[in-house]
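[1] Sequence below, structure please.
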Amino acid sequence: QLESCERQLNECDRRKKEIEVECKKQREELDRLEERRRTEFKTLKENFEMERDKFHSELQRMSEMYKIQDNRIKLDIGGQLFTTSLTTLNRDPESMLAAMFSGRHELKKEDSSGSYFIDRDGTHFRYILNFLRDGEIKDGTIPENPNLWRELLTEAEYYQIQGLVGYLQSLLHNLPQRVESPVSDTTFV
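    Numbers count the residues shown, from 1 in each chain. Now for the predicted structure:
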């Protein structure tokens, strides 16, 4: 009986070791599977978040587009017609344009075109609008012409768009200094 019990005990120990080895293998396999699933889940989550952010960005751009379309404004600048948005005109809250269209002032529309008249030269107004739209002057968008820069500076000062004023002043400040020719003392009669 004792021998039989010892055989059974040995058999149980052997079986226990086999079960432990098998359990260890299965646990390792489950750990690998869990890690693979975590990696897949992390990748799916990152892709989802990227798509969600892309969608929200697109939604915001479309919302801004609808807002712009709903708030179109026609301006008659010295006889030249420009169409822009209230959003663009209010981009620089310290500017004269933002003050004009803040709702604090009563503005009169022209009957025929439905535009607001501003008695300024409209030649460079597109640069003013593009600066307000983009928040900057991008390289190559205004000609390399110091006379144009001075004219545009005059307009930017009139409209009180300080970012554009500063940009143009820095352009003009960095120009090479001209050597002035001596002035003659000759008096014409």
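[2] Alpha carbons of the helix or strand hosting residue 128, in CSV - could you do that?
    Here residue 128, judged by DSSP states H and E, is contained in helix 125-134. Provided in CSV are the C-alpha atoms of helix 125-134 (Å, rounded to 0.1, in the frame of the first residue of the first chain):
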residue,chain,number,x,y,z
PHE,A,125,-6.2,98.1,-49.8
ARG,A,126,-5.9,94.5,-51.0
TYR,A,127,-2.7,94.3,-49.0
ILE,A,128,-4.5,95.6,-45.9
LEU,A,129,-7.2,92.9,-46.3
ASN,A,130,-4.6,90.1,-47.0
PHE,A,131,-2.7,91.1,-43.9
LEU,A,132,-5.9,91.0,-41.8
ARG,A,133,-6.8,87.6,-43.3
ASP,A,134,-3.4,86.0,-42.9
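[3] helix or strand right after it?
    helix 146-159.
[4] Show me what that following helix is packed up against.
    Using 3 or more CB pairs under 8 Å, 6 or more residues apart in numbering; DSSP states H and E, the elements in contact with helix 146-159 are helix 96-100, helix 125-134, helix 162-173. For glycine as for every other residue, the C-beta is placed from the backbone atoms N, C-alpha and C.
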